[in-house]
Each structure stands twice: as structure tokens, then as C-alpha cells.
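S.K.: A structural model of the following input is requested.
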Amino acid sequence: MQSIRGTRDILPPESDKWLWLERKCRSVLGRFGYSEIRSPIFEYTELFQKGTGASTDIVLKQMYTFEDRGGRSLTLRPEGTPSVARAVIERGLLKRSRALKLYYIGPMFRYDRPQAGRYRQFDQLGAELIGVPGVDGDAESIHLHLMLLRELGLKQCTLKINSVGCRECRPHYAQIVRDSLRDRLDSLCEDCRTRFERNPLRVLDCKVKSCRKIAEELPSILGCLCEVCRRQFDELKTRLTLIGLSFEEDPGLVRGLDYYTRAAFEIHHDSLGAQSALGGGGRYDDLIELYGGPPTPAVGFAAGLDRILLAVEKEGAEVPPPVPVDVYVASVSEAAREECFALTAFLRGKFRVEVDLLGKSLQAQMKAANSLGARLSVIIGEDELRSGIFTVRNMQSGEQQKVPEHDLAEHIKTRLGTLAGPDDRQVG
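M.R.: Sure, this is the predicted structure:
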């Protein structure tokens with residue numbers, strides 16, 4: 001039996017990096033006042049068709065959709081925002097607070113071509129600011145996204161911003177794009193010829209080289225914005241400058257989701273090549289109303305954790321080592337194994353403790369203690385059983401001390417305190 005293509009098992013010590021990453025992210029999200037929401041992994045297919053967009057590649061090509069035994073069409077979530085929007089309406093969250101700050105961390109599913117840092121089951125972090133209109137919310141969302149990456153030690157990040165217009169000015173720009181492309185349809189890829197009819201702005205998001213060249217020659221959306229969208233985009237740039245965030249304007253940035261309005265942004269990492277985006281987002285003021293809720297402004301972003309870890313590795317950002325074992329309890333003889341087991345159970349109330357479960361020799365146990373990074377070992381043989389005085393060894397220096405059993409826990413606590421230096425770090 002093998003894992004399915006596009007999935008993978010995250011094994012130790014790699015899983016320690018994930019614990020570190022998630023802990024760091026939750027810390028930053030907490031400082032910004034966000035609370036976690038956990039939504040189902042599968043939803044009714046209509047949720048994504050209606051919100052993500054029937055003309056998007058996600059809905060047309062990438063969703064894992066199936067019919068359950070009740071004949072209902074269900075889909076493994078390809079992204080998190082529609083589920084959050086659905087929960088906000090269904091659970092009446094807007095009645096509790098006019099401004100909601102929600103985040104999620106979890107697996108998403110898209111049938112895409114697997115490549116470095118991109119899988120068919122991938123982990124995503126998203127943060128949604130719901131109920132807040134205007135550029136202050138946009139700027140906070142962008143700042144939060146960048147702060148998360150900086151907290152992880154990433155410095156080679158580039159922020160790209162754009163405005164995708166609103167329901168008033170975007171149709172006008174879509175018609176301009178359609179008119180500009182009409183005589184060049186034969187030069188577009190098959191997907192973009194379909195996009196030309198359904199949603200011509202999707203052509204701007206195409207990754208095919210020939211289509212990208214054509215897209216670069218199209219009129220900029222920034223020249224077609226209505227007065228309100230233009231003013232808000234200018235205000236956003238002012239806010240970002242005010243808090244010291246540099247950015248690039250990218251008129252071709254439209255994002256791959258249909259619900260975005262006005263502000264859109266992405267953060268790229270220089271080391272990841274052509275597929276350099278770590279995450280992105282934007283404003284989606286119409287989505288909750290589209291699902292049957294009240295008109296509600298909202299802005300948010302999502303970031304691929306697999307891609308972020310890949311960037312951490314490529315940039316050489318420092319990832320703390322796994323938390324070492326505090327104490328390894330070793331038995332010298334078979335007679336001491338029972339006492340070792342009982343002592344381990346007692347010490348685990350306060351410390352990270354390991355004990356041999358395979359009947360190894362003392363030499364093999366000491367080797368295991370070293371491989372686990374144990375800082376101390378407690379060695380129990382027949383002499384220790386008779387006297388009630390145990391041997392405690394400093395695994396780094398080899399120094400040994402005799403400690404009465406009733407003083408053992410306090411002695412270990414004191415010794416670990418002297419061994420812990422200012423650079424001691426924890427993953428979990």
C-alpha cells in the first residue's frame with residue numbers, strides 16, 4: 001500500500017517544524033486579536049460554486065467532489081473563506097460583534113499538478129476580518145500577513161498590491177479586456193479561450209507563457225477604476241507607507257477567486273522561482289450577501305504552510321531543534337526494570353522522561369539517551385534498589401551524583417535549571 005499521489009506523511013523530525021510553525025503563527029494571530037474557527041473539511045458543493053466562482057480553475061478543474069449516500073453533492077474544501085462566511089451567517093456571529101477576527105489552520109484539497117511545496121492535500125492558514133470596511137482593515141490584513149512571515153525569520157519577501165475594482169467599474173474593465181482579446185483568441189490557450197467568454201479577467205491570471213505575454217499588453221485595470229475604488233487604492237498605499245511597508249503595484253494581480261473586490265494582494269518569496277507566492281488575499285465585500293447574509297464588508301488572506309516552510313528552508317531561517325528529553329531512566333538489571341517503570345510514571349508528572357521498553361543493555365540505554373538528547377539520566381541497579389539512593393548522571397559532562405529517592409524530583413528540577421541556557425528553545 002502506498003500514499004496517494006499529491007499527499008505525503010509528515011514524520012518526525014519534520015513534524016516538529018510544523019509544530020513550531022503553527023505555534024509561531026498562533027502567537028502572532030493572538031497579538032492581532034484573532035480567534036480560531038474550525039469548520040468542516042467537506043461542504044455542499046454549491047458553497048464553492050457560488051462563492052469561489054463557477055468560472056475559476058478551482059471549481060472547474062481542481063475540486064474533489066463526490067455524491068454521498070443521500071445523493072447530495074459534497075466537496076472537500078479547496079479553500080477556507082467560503083466555509084467561514086457560511087459559518088458567520090449560519091451561526092449568527094455578526095450578532096455577537098460588528099467586527100469579527102477569525103483564523104483557521106487546516107488541510108485543503110485541490111487536484112493540481114504536484115510540485116515542490118504544492119500538494120493535492122495541503123495545509124493552509126487563513127485570517128478573516130469581517131465587518132470592517134475601508135482601507136484600515138485592508139492595511140491590517142496585509143500587515144498581519146507580513147508579520148507572520150517575519151516572525152518565522154523570512155526576510156526576502158515582496159508585497160504586491162492591486163485593485164480589482166468593484167461591481168460598478170469591473171464590468172467596464174472586463175469589456176475592455178474582452179474587446180482587446182477578441183482578435184487574438186487563436187493565440188490564447190484553450191483554457192483562456194473559455195475564460196474569454198465566462199470571465200475574461202481570468203486571462204490575467206493564466207500561467208501559460210504565451211497568455212502571460214498577451215496579458216502584459218492589455219490595458220491596466222488601474223486606469224479603469226471608478227472614483228471610489230481609485231481613492232481607496234490610493235489611501236491603502238498611504239496606510240502601508242505609514243506603517244513602513246514597502247510594496248509593488250501589480251496591475252495583473254487579480255487572484256484566482258471570483259469574490260474579491262477592490263484591494264488584492266500577494267506576498268512572494270524570491271527563492272521559490274516562478275511559483276513564488278507564499279499567500280495572498282483581498283477584500284470580499286459581496287460574499288456574505290451572496291450567501292444570503294446581510295451586506296457585510298470583509299477582507300482576509302490565506303497562506304500555504306507547505307510553501308512557507310519551503311521558503312524557511314531555502315532562506316536558511318533558524319528553526320529551533322526539537323525539545324530534548326529531560327531525563328532518561330535506565331535499569332542496570334532486570335530486577336530494576338519494575339522500579340524504573342514506576343519512577344518514570346512519577347517523573348512524567350513534571351518532566352519529559354523516557355525509559356527503555358525493549359530490555360536493552362545499560363550501554364545501549366545510554367546510547368539511546370544520547371540520541372534523544374537527554375540532559376540527565378537516572379540509573380537504577382540492585383544497589384540503588386537496596387539503598388533507595390539513585391545515581392543521576394549529567395549526560396553532557398558525565399558527572400554523577402547520588403540522590404535519595406525522596407529528593408529526586410527536586411534535584412532534577414534544580415539540575416535542569418542550571419543546564420538550561422539562554423538559548424534553550426522549544427518547538428511545541
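
S.K.: which intervals of the protein have sub-threshold pLDDT?
M.R.: Residue ranges of the chain with pLDDT under 70: 256, 420-428.

S.K.: residue at max distance from the center of it?
M.R.: Most distant from the centre of the chain: R386, at 54.2 Å, with distances by CA atoms, centre = their mean.

S.K.: give the contact list for that residue.
M.R.: For R386, the contact set (CB atoms under 8 Å, 6 or more residues apart in numbering) is empty. The way it works is simple: take the backbone N, C-alpha and C, and place the C-beta from them, glycine included.

S.K.: let me know the helix or strand that it is in.
M.R.: helix 382-387 (DSSP states H and E).

S.K.: give me the helices and strands touching the next helix or strand after that helix, please.
M.R.: Per DSSP H and E, the first helix or strand lying C-terminal to helix 382-387 is strand 389-394. Other helices and strands packing on strand 389-394, by 3 or more CB pairs under 8 Å, 6 or more residues apart in numbering; DSSP states H and E, are strand 376-380, strand 400-404, helix 408-419.

S.K.: what's the most buried one of these?
M.R.: strand 376-380 (a mean of 23; mean count of other CB atoms under 10 Å).

S.K.: ok, and what's touching it?
M.R.: 326-332, 336, 339-340, 343, 347, 362, 366, 369, 390-395, 408, 412, 415-416, 419.

S.K.: can we see that at 7 Å?
M.R.: Residues outside strand 376-380 that contact it (CB atoms under 7 Å, 6 or more residues apart in numbering): 326-332, 336, 339-340, 343, 366, 369, 390-395, 412, 415.

S.K.: how distant is the helix holding R386 from the center of its chain?
M.R.: Using CA atoms, centre = their mean, to the nearest Å, the mean C-alpha position of helix 382-387 is found 52 Å from that of the whole chain.

S.K.: what's around V228, how many residues?
M.R.: Applying other CB atoms under 10 Å, we find 13 residues neighbouring V228.

S.K.: nope, V84 is what I was after
M.R.: When counting by other CB under 10 Å, one arrives at 24 neighbours for V84.

S.K.: that one reaches S35, doesn't it?
M.R.: No. Taking contacts as CB atoms under 7 Å, V84 lies outside contact range of S35: 11.7 Å.

S.K.: overlap in contacts of the two?
M.R.: Common contacts of V84 and S35 (CB under 7 Å, 6+ apart): L102.

S.K.: would you map out the domains in this structure?
M.R.: With domains defined by automatic domain parsing, the chain comprises 14-169+225-315, 327-419.

S.K.: part of a strand, is A263?
M.R.: Yes. When DSSP: H, G, I helix; E, B strand; the rest coil is applied, A263 is found to be in a strand.

S.K.: please name the bridge partners of it.
M.R.: S163 (DSSP bridges).

S.K.: circling back: show the buried residues in the contacts of strand 376-380.
M.R.: Among those, those buried by neighbour count (16 or more other CB atoms under 10 Å) are 326-332, 336, 339-340, 343, 366, 369, 390-393, 395, 412, 415.

S.K.: about what we covered before: ok, which of the helices and strands packed on strand 389-394 comes nearest D183?
M.R.: Among the helices and strands packed on strand 389-394, helix 408-419 comes nearest to D183, with 74.1 Å by CB to CB.

S.K.: counting neighbours, what do you get for S333?
M.R.: 13.

S.K.: could you do F42 as well?
M.R.: Close neighbours of F42, defined as other CB under 10 Å, add up to 16.

S.K.: ok, now V132?
M.R.: Number of residues near V132 (other CB under 10 Å) recorded here: 19.

S.K.: repeat that for M108.
M.R.: 20.

S.K.: try N370
M.R.: Using other CB under 10 Å, the number of residues around N370 comes to 13.

S.K.: now the one 4 residues further on
M.R.: The tally of other residues near A374 (other CB under 10 Å) stands at 23.

S.K.: can you pull the contacts of it?
M.R.: For A374, the contacting residues are 324-325, 327-328, 354, 395, by CB under 7 Å, 6+ apart.

S.K.: ok so it is a strand residue?
M.R.: No. Per three-state DSSP, A374 lies outside any strand segment and is coil.

S.K.: how close does it sit to V329?
M.R.: As defined by CB to CB, to the nearest Å, A374 lies at a distance of 10 Å from V329.

S.K.: try R38
M.R.: In this view, R38 and V329 are 38 Å apart by CB to CB.

S.K.: can I get the helix holding R386 as PDB, trimmed to CA atoms?
M.R.: The C-alpha trace of helix 382-387 is given here as PDB (Å, rounded to 0.1, in the frame of the first residue of the first chain):
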ATOM      1  CA  GLU A 382      20.300  -3.600  42.600                       C
ATOM      2  CA  ASP A 383      22.500  -1.400  44.900                       C
ATOM      3  CA  GLU A 384      20.100   1.500  44.300                       C
ATOM      4  CA  LEU A 385      17.100  -0.700  45.000                       C
ATOM      5  CA  ARG A 386      18.500  -1.700  48.400                       C
ATOM      6  CA  SER A 387      19.700   1.700  49.500                       C
END
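
S.K.: which of the contacts of A374 fall within strands?
M.R.: Among the contacts of A374, DSSP state E puts 327-328, 354 in strands.
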